[in-house]
Each structure stands twice: as structure tokens, then as C-alpha cells.
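Trainee: Provide a 3D model corresponding to the input given below.
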Amino acid sequence: MSSVHHGPENLSGPLYVTSEGSKPRPIVDTVGQPITGAAYLQGPVQIGKDGDFPSRWATLMVGTLENNQSESPIIPGALCTGLNNPYSLGVIGDAAILDNLDVSVSIAAGKDIVAQGEVMSRCGGHILSAKKNFDIPHPMREGWRLRHTCPEGPSNDVYTRGRISGKREIELPSYWKGLVDENSFTITLTPIGSHQDVIVKRWDEQKVYLQSKGNMPIDCFYQIFAERKDGEKLIVEYLGESPADYPGNNDEYSVSGYHYDKKESE
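Mentor: Residues are numbered from 1 along each chain as shown. Okay, here's the model as predicted:
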């Protein structure tokens, strides 16, 4: 037999809602005293408006708020007025999910997202196999967007680029001396305005020295790639089933879906 109660009620002790014959673990504090205001529900439980869930979709179902005291429409991110709550669920403090988390729309994170297991992309593959890119409003065409993707290669390269005019030496960034392998340089030159027969004469850790035919003035674009020398060389192909099988030093890399940072707790 069920009963309907009108108006708020206060329960001074823990609330237990269980099936017949169930023996739930008592909700007590560290000294064994019942915790006032605690609740134990075996479920299923639905919180929200009628029709949010067409069936018994989960053990705990938290839907949008709508009753005769709520205001509509509910606008995400708006300040709460009356019972117009912008969120269906709010958590202050840490939240622990011990099994799968299935999110059908977006996850907005104010800080880091750390995954101890695999992180999957929309297409079912690992994030590490997805293309890295940025997507922004188009700076020139209203209503359009602009997407660029990152280059990928088989070595840990850095680059510098620019234009040299009226000079014969390209100054390299000051930090390159300690960062890159001098023997890994790849230098591309594009003469501007005329064929200058410009070539790379030599280079060192600080400069690239150019030479032109007949010592004619040099005016060219340049692009210089070099491989980093701090740490191990990248192992491009290896036998394994996940990034954890990488035969090199994984501490040097940050791979989506795996967490290799070693941070001391404060």
C-alpha cells in the first residue's frame, strides 16, 4: 500500500528505501552513530519532469526541472530565479564514477581531463589517432568557420622561418644551441624577385651562412627544421597494442588517453 503526503517532512535519521528482505549497510559516522539527513535508495529513482525518460533508463535519472513552481524556458548558464535551475545536476566537490560515463553531448572542463584508461573518439578510435586541429570563427567571412590541422611527422622537430634581405647570415634562435641536433638541419630557401643562385654554404648552432652567384644581394624566404636533441629519438613503429607498449621512454611524451606526468602531491 502506498501513501501520499502533502507538504515538506523532516527526517531526523537516515532514510532507507529498499526491497523486501534487503539488509543495507547502516549509514553511520566514524564512531558508528547514524548520520542525520543521509539516504539509501536502491532505485530506480527519477528526479525531474514527466517524460524526460521514456523508460526505466538508469538507476538514477536526473532530468530537467518542471513543475507548477518552475519558470520556463530554462536557459543553460542563466542565474537561478525561482525554480528555474540552469542545470539538472550540480556537484560541489569531487565526483567519483566507478564504471562507464556515457555523455551524448559535450563535456565542458574548467581544468584538466585525466584518463587512466583509453579515450575514444566519436568514430570509435583512439584519440591519439585523431587529427589535432583548431576550429575558430572565420576572420573574413561572416557565418563561416576556419579549421587548421597540425602537421605530423616521424621525428620530434622544431622549426624557424622568415625572410632575409641584404644579408648573408640567418640568425638562429638563441635557444636552438641547447635544443636541437646541429646535424639534423633541413633548410629550404625561396629567392624573391630574381634567380640569385642562393645556396647554403654552411651552418652551425647559431647561424646559417648563405652564398649567391657573383655575390649579388640576397632576398629570400627561409624555413629551417631541426630535430630536438633533448631525450631519445622517436621510435616511429613498434610492436604493441597500446601506447603503454612503447619501447622507449614514455615519460618524455604526453599521449591522449594515457597519463605519464609524475607530479608530487602538495
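
Trainee: make it CA atoms for all contacts and neighbour counts henceforth
Mentor: Will do.

Trainee: all the helices of the stretch 101-250 of the chain, residue numbers only.
Mentor: 176-179 (DSSP state H, counting those that start in this stretch).

Trainee: pLDDT below threshold where in it?
Mentor: Along the stretch 101-250 of the chain, segments meeting pLDDT under 70 span 114-132.

Trainee: show me where it has strands.
Mentor: 133-137, 145-149, 157-165, 169-171, 186-191, 199-203, 207-211, 219-227 (DSSP state E, counting those that start in this stretch).

Trainee: put together JSON lines for those strands, with mean neighbour count and distance to G32 on each row.
Mentor: Below are the strands of the stretch 101-250 of the chain laid out as JSON lines (neighbours: other Cα atoms under 10 Å; distance: least, Cα to Cα, whole Å):
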{"stretch": "strand 133-137", "mean neighbour count": "10", "distance to G32": "54"}
{"stretch": "strand 145-149", "mean neighbour count": "11", "distance to G32": "58"}
{"stretch": "strand 157-165", "mean neighbour count": "14", "distance to G32": "61"}
{"stretch": "strand 169-171", "mean neighbour count": "17", "distance to G32": "73"}
{"stretch": "strand 186-191", "mean neighbour count": "15", "distance to G32": "71"}
{"stretch": "strand 199-203", "mean neighbour count": "14", "distance to G32": "76"}
{"stretch": "strand 207-211", "mean neighbour count": "17", "distance to G32": "74"}
{"stretch": "strand 219-227", "mean neighbour count": "18", "distance to G32": "62"}
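
Trainee: turn those strands into a markdown table, columns for distance to L60.
Mentor: Converted to a markdown table, the strands of the stretch 101-250 of the chain look like this (distance: least, Cα to Cα, whole Å):
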| stretch | distance to L60 |
| --- | --- |
| strand 133-137 | 36 |
| strand 145-149 | 39 |
| strand 157-165 | 50 |
| strand 169-171 | 63 |
| strand 186-191 | 59 |
| strand 199-203 | 67 |
| strand 207-211 | 65 |
| strand 219-227 | 53 |
